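>>> Model the following, please.
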Amino acid sequence: MNAVDAVGTIAEVLSWIGLGLGLPLLVIVFLVKVHDGPWVPHEVVIVDEGGGRARARWFAAGDFWERPLRAEESAHWHGREEADAFLSERHPSLMRFEPRRPLLHAFQVLGITLAGVGAAAVAMSIVLLFVG
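The predicted structure is shown next:
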C-alpha cells in the first residue's frame with residue numbers, strides 16, 4: 001500500500017463518518033426549527049415574589065401570560081423590573097431568554113462541521129482517483 005492509497009482510505013473513512021453523522025444531525029436541527037417556528041424579541045415584566053422567586057409576565061396575541069422563572073433564569077433580571085426575552089410566534093405562552101436553544105445550536109455546529117469534513121474527504125477521494 002503506497003501513500004496515495006493510505007490517504008484515499010483515510011479520506012473514505014472520514015467521508016463516511018462525516019456525512020453519515022453530519023447530515024442526519026442537520027436534518028434533525030432543520031426539523032426541530034421548522035416545528036419550533038420563529039421566536040420574536042419581546043419585553044417581559046419581572047415580578048419579585050420574595051424568597052428568591054420571581055415571575056415573568058407579558059402581553060401578547062391579545063392575552064396576558066405569566067410563568068415562574070427557573071433558578072438558572074435569575075441571571076437575566078438581577079432585580080430589574082423588565083427584561084428582554086423571546087416569545088414563540090406560534091405559541092405566545094412560550095417564553096425564553098435565549099434567542100436560540102443552546103443544545104440545538106451545538107447540534108447545528110457539530111452537524112455543519114462533520115458534513116464539511118465529510119464533503120472535503122469526498123473531494124479528496126475524487127482528486128486521488130485521478131492522481132493514483
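
>>> use CA for all of it now, contacts and neighbours both
Fine.

>>> all strands for this structure, in order.
39-50, 53-60, 63-68, 82-88, 95-96 (DSSP state E).

>>> and these as JSON lines, adding distance to residue 30, mean neighbour count and mean pLDDT?
Shown next, in JSON lines, are the strands of the chain (distance: least, C-alpha to C-alpha, whole Å; neighbours: other C-alpha atoms under 10 Å; pLDDT from 0 to 100):
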{"stretch": "strand 39-50", "distance to residue 30": "15", "mean neighbour count": "16", "mean pLDDT": "89"}
{"stretch": "strand 53-60", "distance to residue 30": "27", "mean neighbour count": "17", "mean pLDDT": "90"}
{"stretch": "strand 63-68", "distance to residue 30": "28", "mean neighbour count": "14", "mean pLDDT": "92"}
{"stretch": "strand 82-88", "distance to residue 30": "17", "mean neighbour count": "18", "mean pLDDT": "91"}
{"stretch": "strand 95-96", "distance to residue 30": "20", "mean neighbour count": "20", "mean pLDDT": "91"}
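
>>> Thought residue 38 was touching residue 99, still the case?
No - using C-alpha atoms under 8 Å as the test, residue 99 is too far from residue 38 to be in contact (9.9 Å).

>>> so how far is residue 20 from the residue most central in space within the chain?
In the chain, the residue lying closest to the centroid (C-alpha atoms, centre = their mean) is residue 105, at 2.2 Å. Distance, residue 105 to residue 20, using C-alpha to C-alpha, to the nearest Å: 19 Å.

>>> same thing with residue 63?
Distance, residue 63 to residue 20, using C-alpha to C-alpha: 45 Å.
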